[in-house]
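J.: Would you be able to build a 3D model of this:
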Amino acid sequence: MTLAERLNKIIAEQNISKREFAKRVGVSENYIYTLTGSTNKVATLSPTLAKVIAYEFGYDANWILNGDKTE
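T.: Below you'll find the model as predicted:
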């Protein structure tokens, strides 16, 4: 599972828009669209942002970053 797929999974499971996701983690909506798009222009995420996402939505930061945790 790619980073984009993991982020899209979180957004879908939380039943929120990408705009709301961006707002809650403190980044621009455009950045989230870049991260979650099919072009995969950005294939990595900072560990700090992964921790913010993990804290805000209750996911494992390592899974967000690397897909290491089993689902």
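
J.: Tell me where the chain is predicted with low confidence.
T.: 39-43, 69-71 (pLDDT under 70).

J.: Would you map the helices across it?
T.: Using DSSP state H, the helices of the chain run over residues 3-14, 18-25, 29-36, 47-57, 61-66.

J.: buried residues in the shortest one?
T.: This points to helix 61-66. Judged by neighbour count (16 or more other CB atoms under 10 Å), helix 61-66 contains these buried residues: 61, 63-65. From N, CA and C alone the C-beta is placed, and that goes for glycine too.

J.: just how off-centre is that helix within its chain?
T.: Centroid separation for helix 61-66 versus its chain: 9 Å, with CA atoms, centre = their mean, to the nearest Å.

J.: List of residues touching it?
T.: Helix 61-66 has contacts (CB atoms under 8 Å, 6 or more residues apart in numbering) with 3, 6-7, 10, 45, 47, 50-51, 53-54, 68-69, 71.

J.: I'd like the distance from stretch 9-25 to the chain centre, please.
T.: For stretch 9-25 - counting by CA atoms, centre = their mean - the centre lies 8 Å from the chain centre.

J.: From one end of it to the other, what's the distance?
T.: Across stretch 9-25, the terminal residues are separated by 16 Å (CA to CA, to the nearest Å).

J.: Which positions within that stretch qualify as buried?
T.: Within stretch 9-25, the residues scored as buried using 16+ other CB under 10 Å are 9-11, 18, 21-22, 25.

J.: Could you export those as TSV, including distance to residue 36?
T.: As requested, those are arranged in TSV below (distance: CB to CB, whole Å):
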residue	distance to residue 36
9	10
10	10
11	7
18	6
21	9
22	10
25	12
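
J.: what two of these have the greatest distance between them?
T.: The distance between the two most remote of the buried residues of stretch 9-25 (CB to CB) is 16.1 Å, for 9 and 22.

J.: Can you turn the buried subset of the contacts of helix 61-66 into a selection I can paste into ChimeraX?
T.: In ChimeraX syntax, the buried subset of the contacts of helix 61-66 is picked out as below (16+ other CB under 10 Å):
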select :3,6,7,10,45,50,53,54
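
J.: right, and residue 4 touches residue 37 too?
T.: Yes. Between residue 4 and residue 37 there is a contact under CB atoms under 8 Å: 6.7 Å.
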